[in-house]
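**Student:** Quick check, what structure comes out for this input:
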Amino acid sequence: MAQVTLQSVKKTYPNGFQAVKDFNLDIKDGEFVVFVGPSGCGKSTTLRMIAGLEDVTSGSISIGGRVVNDVHPKDRDIAMVFQSYALYPHMSVYKNMAFALKLRGVPRDEIDRRVNDAARILGLAELLDRKPKQLSGGQRQRVAVGRAIVREPKAFLFDEPLSNLDAKLRVTTRGELKSLHQRLKTTTIYVTHDQEEAMTLGDRIVVMSNGLIQQCDTPLEVYRNPVNRFVAAFVGTPPMNFFEGTLERGAAGLEFVEGSSDPSGKPYRLPVPGSKASRVEGFVGKPIVLGLRPQMLTHRPESSATASSIMMQVKVVEPLGDQMDVACSTPKHSHIVARLHAFDGVKAGQSITLHVDMDAAHFFEPGEFGKNLLR
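**Tutor:** Residues are numbered from 1 along each chain as shown. Presented below is the predicted three-dimensional model:
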């Protein structure tokens, strides 16, 4: 196991494109850290620089206290698992897992011990004599992980290892990876574009965009206190809803004014709780963005409406078993999602009253990366 440190790491390609810009991160010994973000954000490039598969333009990377910028990948004492299993089709599971150790001249008894230990941990003990074509996708991925485990590296690097699996198998294998880390306690860096994977696996998650770290913290902290609008939109299922509007002073205090009216002609206005009002006071009369997670919207009868209730037109209903996602709209905002109980009887085309939990609301500066004003 080892600490992994990146200091002011940058990656610029010959055509001038900056894939990674001033990346700084300390990964603790034994920690599971997940890099997450959309395609092209720089997460895989960063992982490949740690592995030595990409050169560092500037900055330094150290593994276990040793700067490895100029160290060959095979000498960095790391093991990498790719999206592709890359197994040798003519070799058995045992030989696939043992191959790298054999090349390094590890004694046969030691190879046998490591392979059998890894196979037992991964549930592959009964499959060691099989060829890859005789295995399921999940089993092949476990062989790829086993091939990394037997090397007993200082750190594991995973580059979207579950992307080729179907949805059910992804969930199962994800649980196996987390359990594996809890047993081995090896420093692990994991790359994915799937924020659900990131939230369930990581001790910390690193949300990236445009080659920069947007936020690095525990999954729950990133979800509850996103640093900006990009992070708020990326982390959470379904994504956070955003209402662009202004703040105005009303009779009862500050109000968020969306700028359009509901089907009955009533303007969309929501009271800002006192606990939040003082922190957004400076935005009175200015553009501001209200962020509401779908779980903050609950269906209520019109007769039970309060000052924090709004009426919207239902466009689409997506059943999810005991829950459903209801896509609504206002004249100004075309896609607002509420996650409701499936037994609420909501149907497309009707107008419904939604209560807004303004105590859980977020306020952002305008723009894709507008900062969270409540942090």
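
**Student:** who does the helix or strand of the chain with the lowest mean pLDDT touch, helix- and strand-wise?
**Tutor:** Sorting the helices and strands of the chain by mean pLDDT, DSSP states H and E puts helix 167-184 at the bottom, at a mean of 85. In terms of contacts (3 or more C-beta pairs under 8 Å, 6 or more residues apart in numbering; DSSP states H and E), helix 167-184 is packed against helix 108-122, helix 137-149, helix 195-201. For glycine as for every other residue, the C-beta is placed from the backbone atoms N, C-alpha and C.

**Student:** now that helix: how far from the chain's centre is it?
**Tutor:** 16 Å (C-alpha atoms, centre = their mean, to the nearest Å).

**Student:** low-scoring pLDDT stretches of the stretch 51-200 of the chain, where are they?
**Tutor:** Nowhere does the stretch 51-200 of the chain drop to pLDDT under 70.

**Student:** could you pull out the helices for the stretch 201-350 of the chain?
**Tutor:** 219-224, 229-234, 274-280 (DSSP state H, counting those that start in this stretch).

**Student:** I'd like to know which of those lies nearest to Gly59.
**Tutor:** Closest approach to Gly59 among the helices of the stretch 201-350 of the chain is made by helix 229-234 (23.4 Å; C-beta to C-beta).

**Student:** Can you tell me which helices and strands the closest one packs against?
**Tutor:** strand 204-209, strand 212-217, strand 287-292, strand 362-364.

**Student:** doesn't Gly30 make contact with Lys185?
**Tutor:** Yes. Between Lys185 and Gly30 there is a contact under C-beta atoms under 8 Å: 4.5 Å.

**Student:** Comparing these two, which residue is more hemmed in?
**Tutor:** Gly30 (16 against 12; other C-beta atoms under 10 Å).

**Student:** Got phi/psi on that one?
**Tutor:** phi 90, psi 0 (degrees, to the nearest 10).

**Student:** if I look at it, how far off is Asn24?
**Tutor:** Noted for Gly30: a distance of 20 Å to Asn24, by C-beta to C-beta, to the nearest Å.

**Student:** next one: Thr57
**Tutor:** Remark: distance between Thr57 and Asn24 (C-beta to C-beta) = 15 Å.

**Student:** ok, what's across the strand from Ala327?
**Tutor:** In this entry, Ala327 is beta-bridged to Val316, Val337, by DSSP bridges.

**Student:** burial measure for it, as a count.
**Tutor:** Applying other C-beta under 10 Å, I find that Ala327 has 19 neighbouring residues.

**Student:** Also Phe156?
**Tutor:** Neighbour number of Phe156 under other C-beta under 10 Å is 23.

**Student:** And for the one 10 residues further on?
**Tutor:** Each residue near Asp166 was counted by other C-beta under 10 Å, and the total is 10.

**Student:** Thought Ser136 was touching it, still the case?
**Tutor:** No. Look at Asp166 against Ser136 with C-beta under 8 Å: they stay out of range, at 10.1 Å.

**Student:** got the phi/psi numbers for the residue of the chain positioned farthest from its centre?
**Tutor:** Most distant from the centre of the chain: Ala251, at 41.5 Å, with distances by C-alpha atoms, centre = their mean. Backbone dihedrals for Ala251, given as degrees, to the nearest 10, come out at phi -60, psi -30.

**Student:** Kindly confirm my reading that Val106 is in a strand.
**Tutor:** No. Read with DSSP: H, G, I helix; E, B strand; the rest coil, Val106 is coil and lies in no strand.
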